[in-house]
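Undergrad: Prediction below, plus the sequence it came from.
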Amino acid sequence: MIRYLDLQREYRDLQRELDPVVQRVLASGQYILGREVEQFERRWISYCGAAYGLLVASGTDALTLALGASGAVRPGAADEVITSAHGSPYTPMAIVRAGGRPVFADIDPETWLISPASIERVLTSRTRVIMPVHLYGLPCDLKAILAIAEAHRLVVVEDACQAHGARYRAGRWQRVGTLGQAGAFSFYPTKNLGCYGDAGFITSNDAGCIERARVAANGGQPTRNIAVSPGYNSRGDELQAAILSCKLAHLEAWNECRRKLAATYRQRLRGPGLKFQEVPENCEHVYRLFVVRHPQRNQLRAHLRERGIETMVHYPVALHRQAAFAEASQASLPEAERAVEEVLSLPLNPYLSEAEVARIIEAVNEFAAVTA
Ligand SMILES: Cc1ncc(COP(=O)(O)O)c(C=O)c1O
């Protein structure tokens, strides 16, 4: 069986580095908001090229806190936040938790990311924020999105939860999470940079935004036990921070490995109907996921399962069609509705062996012959 992802392989590889780090934190007596958190915050903002940053308890919290700290979403005002209809339910969930109203835009048929033309179609006088999601590790069309935001005086909060280290060229190459007013990352264990629990991060070049988020994440208390606003408990965890600092040293090599594997898949996978995500020349993909599209997705998935290959579907239901966001239910968004029927995530991670990659390629290519 080729599992979709086997995190034990990663742990076995890093065990000698990680075990002493974990022991050190356990022995330190400091488990929340200490030296490890400060150190990781400095390292992650330096890696991203952001001026300021904050470690929080999850990617969802990072999005929620970034929206609040941006000042653009005011609780109770039903401020609208435009995001992609194709993606993770956690994105609109964060919008709702911040007191905003998610409004969904359709995706581009080639990149499968939020379409700037569709954003323009769903703008209203209540729109305050655009939240592009760099889905699967590919940066959105930020140039067009930032231009729309500037023209309509909107804030851009990037959902970079799947795009650790991905770069976008706007004049110069910049890492995602640094181009809008704020960026949010998730360090969920399966991410390109993941911890061994839950954690998230807010990046920004605005010191005030990070300071407001820092207070909100710490119970709305600028001073211990003095709350100035109803905040959250989303404090940085020392153990996760220490693990992340250790793993960050590997991120570039892992991302390079992901890109090589993706190039192999792109060169060697074939078959009628099989489609790949288009990567614009000003974007560097980090392949958090390797997703193909196929009109007979369910049959292809069953075919791979029969050959012992586990796959996933990211994501099976368009967000404007999900019960949780029924209030935001919108007219048809055809590209997103088509994508959810066709997307299939193949195993791709730095710990996949060459033999496994070869078996996956063979099994996908065989599908064309089986269905011919
Ligand atoms: C695009 C996207 N946004 C938000 C999240 C939420 O992150 P977390 O699971 O760390 O809360 C995730 C990951 O689950 C994600 O993939």
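TA: Right, received. Where do you want to start?

Undergrad: how much space between the nearest residue to residue 144 once chain neighbours are set aside and residue 23?
TA: For residue 144, the nearest residue in space outside its immediate sequence neighbours is residue 116; the separation is 3.8 Å by CB to CB, 6 or more residues apart in numbering. In this view, the C-beta of every residue, glycine as well, is placed from N, C-alpha and C. With distances taken as CB to CB, to the nearest Å, residue 116 is found 49 Å from residue 23.

Undergrad: Give me the more crowded residue out of the two.
TA: The residue with more neighbours, out of residue 116 and residue 23, is residue 116; 20 against 10, by other CB atoms under 10 Å.

Undergrad: who touches the more buried one in this structure?
TA: Taking CB atoms under 8 Å, 6 or more residues apart in numbering as the definition of contact, the neighbours of residue 116 are 141, 144, 145, 148.

Undergrad: Nearest to residue 192, out of those residues: which one, please.
TA: Closest approach to residue 192 among the contacts of residue 116 (CB to CB): residue 141, at 21.3 Å.

Undergrad: my read: that closest one touches residue 107, true?
TA: No - because the distance of 10.9 Å does not satisfy CB atoms under 8 Å, residue 141 is recorded as not touching residue 107.

Undergrad: Now list whatever residues contact both of these two.
TA: Overlap between the neighbourhoods of residue 141 and residue 107 consists of 113, 114, taking contacts as CB under 8 Å, 6+ apart.

Undergrad: okay, those two: which has more neighbours?
TA: Here residue 141 and residue 107 are compared on neighbour count by other CB under 10 Å; more neighbours surround residue 107, at 27 against 22.

Undergrad: hey, what's the nearest residue to residue 312 once chain neighbours are set aside bridged with?
TA: Excluding the flanking residues, the one nearest residue 312 by CB to CB, 6+ apart is residue 345, at 4.3 Å. Each beta-bridge partner of residue 345 is listed here: residue 291, residue 312, as defined by DSSP bridges.

Undergrad: So residue 104, which state does it fall into?
TA: Reduced to three states with DSSP: H, G, I helix; E, B strand; the rest coil, the structure at residue 104 is strand.

Undergrad: hang on, it packs against residue 83?
TA: Yes - with contact defined as CB under 8 Å, residue 104 reaches residue 83; the gap is 6.5 Å.

Undergrad: any shared contact partners between those two?
TA: Taking CB under 8 Å, 6+ apart as the contact rule, residue 104 and residue 83 both touch 92, 319.

Undergrad: where along the stretch 151-300 of the chain do the helices fall?
TA: Remark: helices assigned in the stretch 151-300 of the chain by DSSP state H, counting those that start in this stretch are 207-217, 238-268, 297-306.

Undergrad: Verify the assumption that residue 69 is located in a helix.
TA: Yes - read with three-state DSSP, residue 69 is one of the residues of a helix.

Undergrad: pLDDT at it, what is it?
TA: pLDDT, the model's per-residue confidence, is 97 for residue 69.

Undergrad: I'd like to check which residues are in contact with it.
TA: Residue 69 is in contact with 182, 202, 204, 209, 210, 212, 213, 216, counting by CB under 8 Å, 6+ apart.

Undergrad: related to what we said a few turns ago, state the number of residues packed around the residue nearest to residue 312.
TA: Burial of residue 345 is recorded as 20 neighbouring residues (other CB under 10 Å).

Undergrad: how much space is there between it and the ligand?
TA: Note on residue 345: its distance to the ligand, by CB to the nearest ligand atom, to the nearest Å, is 12 Å.

Undergrad: buried ones in stretch 164-173?
TA: Buried residues in stretch 164-173, counted by 16 or more other CB atoms under 10 Å: 164, 165, 166, 167, 168.

Undergrad: Apologies, that question was intended for stretch 49-59.
TA: 50, 52, 53, 54, 55, 56, 57, 58, 59.

Undergrad: Now go through these and say which are in helices.
TA: Secondary-structure check on the buried residues of stretch 49-59 using DSSP state H: residues within helices are residue 59.

Undergrad: nearest to residue 298, of the buried residues of stretch 164-173?
TA: Within the buried residues of stretch 164-173, proximity to residue 298 (CB to CB) peaks at residue 166, which comes in at 29.7 Å.

Undergrad: Give me the spatial nearest neighbour of the closest one, chain neighbours excluded.
TA: In space, and not counting its chain neighbours, residue 166 is closest to residue 286: 4.4 Å by CB to CB, 6+ apart.

Undergrad: how many other residues sit next to that neighbour?
TA: For residue 286, using other CB under 10 Å, the count is 28.

Undergrad: pretty sure it is touching residue 255, no?
TA: Yes - under the contact definition of CB under 8 Å, residue 286 touches residue 255, with a separation of 4.8 Å.

Undergrad: Can you check which residues contact both of the two?
TA: Counting by CB under 8 Å, 6+ apart, the contacts common to residue 286 and residue 255 are 164, 165, 192.

Undergrad: follow-up on the earlier one: quick one: the residue nearest to residue 166 from residue 234, how far?
TA: The spacing between residue 286 and residue 234, counted by CB to CB, is 25 Å.

Undergrad: Pull the contacting residues for residue 280.
TA: Contact partners of residue 280, counting by CB under 8 Å, 6+ apart, are 111, 141.

Undergrad: For the contacts of residue 69, pick the one with the most neighbours.
TA: Highest neighbour count within those, by other CB under 10 Å: residue 182, with 33 neighbours.

Undergrad: List the beta-bridge partners for it.
TA: residue 157.

Undergrad: Return the distance of it relative to residue 137.
TA: Distance of residue 182 to residue 137, computed by CB to CB: 19 Å.
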